[in-house]
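Student: Next input, structure requested:
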Amino acid sequence: MIRISSQQIFSGGINRLQDLNVNLNQTQEQISTGKRVNNPSDDPVAAARILKLDQEVGRIETYQRNVGLAENRLQQEESSLSSMIDIIQRVRELTVQAGNGSLSAQDRQSLSAELEQRLEELAAQANTQDSSGSYIFSGFQGESPAFAKSVDGKWVYQGDEGQRNLEIDEGVNVAISDHGKELFVNIPSAGPTFFTESRPDNSASARISTGAVLDPQKVSELSPTDLVVTVASDNTYRVTERESGDAVLPDDAADPSLPYVSGESIEVAGMRFEITGATPPPGETDTFYVKTSDKQSVFSSIEKLIYGLDNLPKQPEAGAVTGFAPANGDVLEINDASFTFNGTEGLGELADLINNSDDESLAGVEARVESGELKLISSGSQISINASGMTGGTLETSGARFDDIDPTTFGLPVGDPDRLDQANFISSQATYDQLIADSLGNLDNAQETILRTQTEIGGRLNQLESTGEFLENASLYAKDIRSQLQDVDYAEAISNLSFQSFVLQAAQQSFAQTSQLSLFDRL
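Tutor: Model prediction:
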């Protein structure tokens with residue numbers, strides 16, 4: 001016989017009711033949350049798998065956010081580059097107009113003014129910022145504008161050569177930026193060129209102009225050597241090679257120390273530029289750098305074009321013969337044409353010989369005697385004079401780009417480096433036309449570089465699109481597996497809830513009756 005005390009009856013009944021109530025509450029929680037597994041104890045194996053799937057979904061969502069960020073950055077970059085292509089195309093149209101020989105000086109000033117505006121627009125696009133305020137073309141220096149004006153008023157690159165990358169999937173990275181140096185600075189130049197800059201510690205007013213190439217051959221011969229121009233407090237300047245320190249003499253100068261006049265053109269080694277406002281303190285110098293290069297930024301190309309419109313006269317005159325007195329038997333070569341004299345000729349006879357020559361090398365060359373000088377006029381071709389065959393007479397020239405003929409040196413042996421018996425004349429029109437041709441070539445190279453980058457951006461956007469689709473599919477698959485493990489079956493849960501409610505109610509009623517049973521009820 002088993003004894004059952006009243007305490008056992010009460011304890012067993014209460015425990016049973018609590019267990020039924022826990023099961024009922026668990027089912028209610030599943031229905032309210034929609035999840036079958038709310039606590040690891042509900043299903044330890046499923047809970048572990050759900051945790052791993054949660055981590056996988058979180059990883060995928062991080063990559064999806066990166067894809068969206070990369071798409072926004074690249075689309076913004078592509079939009080800026082498209083705008084720059086439009087600006088460069090307009091600059092190209094203005095350059096073609098600038099080559100029109102019928103333009104007046106006022107017309108050229110109008111073109112120059114619009115080019116200044118287009119240059120500002122181009123710089124604004126190059127300094128585009130993303131939604132976080134970072135400059136997209138500055139490389140890793142996103143807090144600084146990609147381009148800013150130097151003390152000389154030229155647009156210079158301030159960023160670095162960094163390229164930002166973003167991970168869009170495990171082990172998959174995509175470039176989300178392109179630095180401005182590769183895009184806008186390192187552009188192949190149509191011809192040998194140079195750029196100028198002032199040393200930062202110069203006088204506050206010291207400036208050096210953009211300058212222009214007068215003789216591409218001489219610039220090519222100088223490259224890759226850079227020049228240094230120093231202006232002293234005694235109003236003299238010197239030009240030296242940057243590495244060797246050797247003096248480089250402009251034109252036919254004999255003394256390396258030359259008088260400095262603010263704003264006066266300096267022509268040296270095939271280049272022309274101006275220095276203004278140099279006022280160094282006593283004993284000190286203002287220093288300027290002239291750097292040769294085979295590359296030229298799109299900003300520098302436009303700046304040189306503006307300089308040419310403002311400073312290079314479009315006129316055919318090349319130079320002049322200012323003194324001519326040949327001896328019997330003297331020989332003079334002009335281009336490839338050779339003339340022999342009997343000692344009685346003057347400037348008029350020399351002009352007739354040039355104008356009446358049928359030598360092809362003199363095609364387009366005209367000679368005019370005006371005000372006691374023989375004007376040499378060329379619509380575009382270079383004029384070269386070789387007076388090495390003049391042994392007894394004299395010949396003096398002016399207006400040569402770099403070396404005028406000096407008759408006082410004819411006493412030196414032919415070939416002596418100090419004998420100045422050769423002169424090359426390049427007409428302002430030829431220099432101007434060369435500038436127009438080079439500018440068009442430089443603009444085309446700039447457009448090609450930007451278009452190539454746009455193509456690369458298109459490829460990256462395609463990669464982002466395909467990766468985004470893959471991540472979306474992977475996310476759906478992971479969420480589906482997680483749903484199967486975690487989500488509740490509402491029909492089953494509601495059925496269980498009804499059954500558990502019924503059982504709990506029956507247990508409560510049964511306990512209420514059995515709890516009242518006692519031996520005293522039988523007495």
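Student: switch to C-alpha atoms for all contacts and neighbour counts from now on
Tutor: Fine.
Student: Quick check: Ser297 vs Asn424, distance?
Tutor: The gap separating Ser297 from Asn424 is 30 Å, by C-alpha to C-alpha, to the nearest Å.
Student: Between the two, which has more neighbouring residues?
Tutor: Ser297 (25 against 22; other C-alpha atoms under 10 Å).
Student: What is the neighbour count of the nearest residue to the more buried one once chain neighbours are set aside?
Tutor: The shortest distance from Ser297 to any residue other than its chain neighbours is 3.8 Å, reached at Val185 (C-alpha to C-alpha, 6 or more residues apart in numbering). By other C-alpha under 10 Å, 18 other residues sit near Val185.
Student: and what of Ala48?
Tutor: 12.
Student: My reading is that it is in a helix; is that accurate?
Tutor: Yes: counting by DSSP: H, G, I helix; E, B strand; the rest coil, Ala48 is located in a helix.
Student: sorry, back to before: could you pull up the contacting residues of the residue nearest to Ser297?
Tutor: 157, 295-299 (C-alpha atoms under 8 Å, 6 or more residues apart in numbering).
Student: Quickly note the distance from it to His179.
Tutor: Distance from Val185 to His179, by C-alpha to C-alpha: 10 Å.
Student: Does Ser384 lie in a helix or a strand, and which?
Tutor: Using DSSP states H and E, Ser384 sits within strand 383-386.
Student: what helices or strands is that strand leaning on?
Tutor: If contacts are counted by 3 or more C-alpha pairs under 8 Å, 6 or more residues apart in numbering; DSSP states H and E, strand 383-386 sits against strand 331-334, strand 422-425.
Student: and it, what's its mean pLDDT?
Tutor: The average pLDDT within strand 383-386 is 89.
Student: Mind giving me the packing neighbours of the helix or strand that comes right after that strand?
Tutor: Next helix or strand after strand 383-386 toward the C-terminus (DSSP H and E): strand 394-398. For strand 394-398, the packing partners by 3+ C-alpha pairs under 8 Å, 6+ apart come out as strand 317-325.
Student: what angle do the strand it packs on and strand 394-398 make?
Tutor: In terms of direction (axes from the mean of the first three to the mean of the last three C-alpha atoms, to 10 degrees), strand 317-325 departs from strand 394-398 by 160 degrees.
Student: could you dump strand 317-325 to CSV, C-alpha only?
Tutor: Extracted in CSV, the C-alpha atoms of strand 317-325 (Å, rounded to 0.1, in the frame of the first residue of the first chain):
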residue,chain,number,x,y,z
GLU,A,317,57.1,89.4,-89.8
ALA,A,318,60.1,87.2,-88.8
GLY,A,319,63.1,89.5,-88.4
ALA,A,320,65.3,92.0,-90.2
VAL,A,321,68.7,92.6,-91.8
THR,A,322,69.9,95.8,-90.4
GLY,A,323,73.3,96.1,-92.0
PHE,A,324,74.6,94.5,-95.3
ALA,A,325,77.9,95.2,-97.1
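Student: what helices or strands is it leaning on?
Tutor: Using 3+ C-alpha pairs under 8 Å, 6+ apart, strand 317-325 is in contact with strand 373-378, strand 394-398, helix 428-486.
Student: Compute the inter-axis angle for that strand and strand 373-378.
Tutor: 140 degrees.
Student: separation between Leu305 and Gly211?
Tutor: For Leu305, the distance to Gly211 - C-alpha to C-alpha - is 10 Å.
Student: Hmm, I typed the wrong one, I wanted Lys295.
Tutor: From Lys295 to Gly211 the distance is 16 Å (C-alpha to C-alpha).
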